[in-house]
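K.L.:
Structure here, sequence nowhere to be found:
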């Protein structure tokens with residue numbers, strides 16, 4: 001006969017699952033606090049202090065107060081990553097293989113020249129337009 005019945009094993013697995021889910025939620029809240037550009041530094045510090053001192057209450061209050069906008073920010077970040085990936089694929093596909101340099105390389109070189117003061121704003125915009133047309 002076993003000293004650890006099936007129901008106890010089930011409850012142990014349930015508690016372990018809830019513990020893992022708790023940490024996932026905690027890390028998601030912490031990431032959202034730091035990724036939100038709309039929060040000031042003091043607000044971020046306040047939320048983090050609240051979440052660290054009273055973790056269960058802090059996360060629950062954060063989800064109630066900012067849960068909807070938390071999801072909206074996650075969707076905006078995913079859409080921005082998707083747009084950046086699609087732009088990268090378009091640039092990579094459009095690069096001219098016969099020259100050995102892509103439009104992205106030329107734009108990066110122009111941005112470097114502009115950042116170091118070798119090109120004026122007008123020269124930079126004209127050169128960028130020329131690269132993007134080809």
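P.N.:
Received it, and whenever you're ready, just let me know what you need. What you see is a predicted model; the values in this text were computed from it and never measured.

K.L.:
okay, CA-based contacts and neighbour counts for the rest of this
P.N.:
Fine.

K.L.:
what's the longest helix in the protein?
P.N.:
The residue-count maximum for a helix in the chain (DSSP state H) belongs to helix 55-94.

K.L.:
Need the pLDDT of the spatially most central residue of the chain.
P.N.:
Of all residues in the chain, the one closest to the mean position by C-alpha atoms, centre = their mean is residue 77, 5.5 Å from it. pLDDT for residue 77: 90.

K.L.:
contacts for stretch 27-41?
P.N.:
44, 47, 48, 59, 62, 70, 73 (C-alpha atoms under 8 Å, 6 or more residues apart in numbering).

K.L.:
And the pLDDT for the fourth one?
P.N.:
By that I understand residue 59. Note for residue 59: predicted pLDDT of 93.

K.L.:
if I look at the closest residue to it other than its chain neighbours, how far off is residue 28?
P.N.:
Using C-alpha to C-alpha, 6 or more residues apart in numbering and skipping the chain neighbours, the partner closest in space to residue 59 is residue 51 (6.0 Å). Note on residue 51: its distance to residue 28, by C-alpha to C-alpha, to the nearest Å, is 12 Å.

K.L.:
Those two: which is more packed in?
P.N.:
Under the neighbour definition other C-alpha atoms under 10 Å, residue 51 and residue 28 were set side by side, and residue 51 has more, 20 against 13.

K.L.:
For the more buried one, grab phi and psi.
P.N.:
phi -70, psi -30 (degrees, to the nearest 10).

K.L.:
Can you give me the distance of it to residue 108?
P.N.:
For residue 51, the distance to residue 108 - C-alpha to C-alpha - is 42 Å.

K.L.:
Now do the helix or strand hosting residue 114 and helix 55-94, the angle between them.
P.N.:
Using DSSP states H and E, residue 114 sits within helix 103-115. Here the directions of helix 103-115 and helix 55-94 differ by 110 degrees (axes from the mean of the first three to the mean of the last three C-alpha atoms, to 10 degrees).

K.L.:
any chance of the contacts of stretch 27-41 in CSV, plus neighbour count and distance to residue 24?
P.N.:
Putting the contacts of stretch 27-41 into CSV (neighbours: other C-alpha atoms under 10 Å; distance: C-alpha to C-alpha, whole Å) gives the following:
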residue, neighbour count, distance to residue 24
44, 19, 19
47, 21, 17
48, 19, 16
59, 24, 11
62, 17, 15
70, 18, 15
73, 16, 17
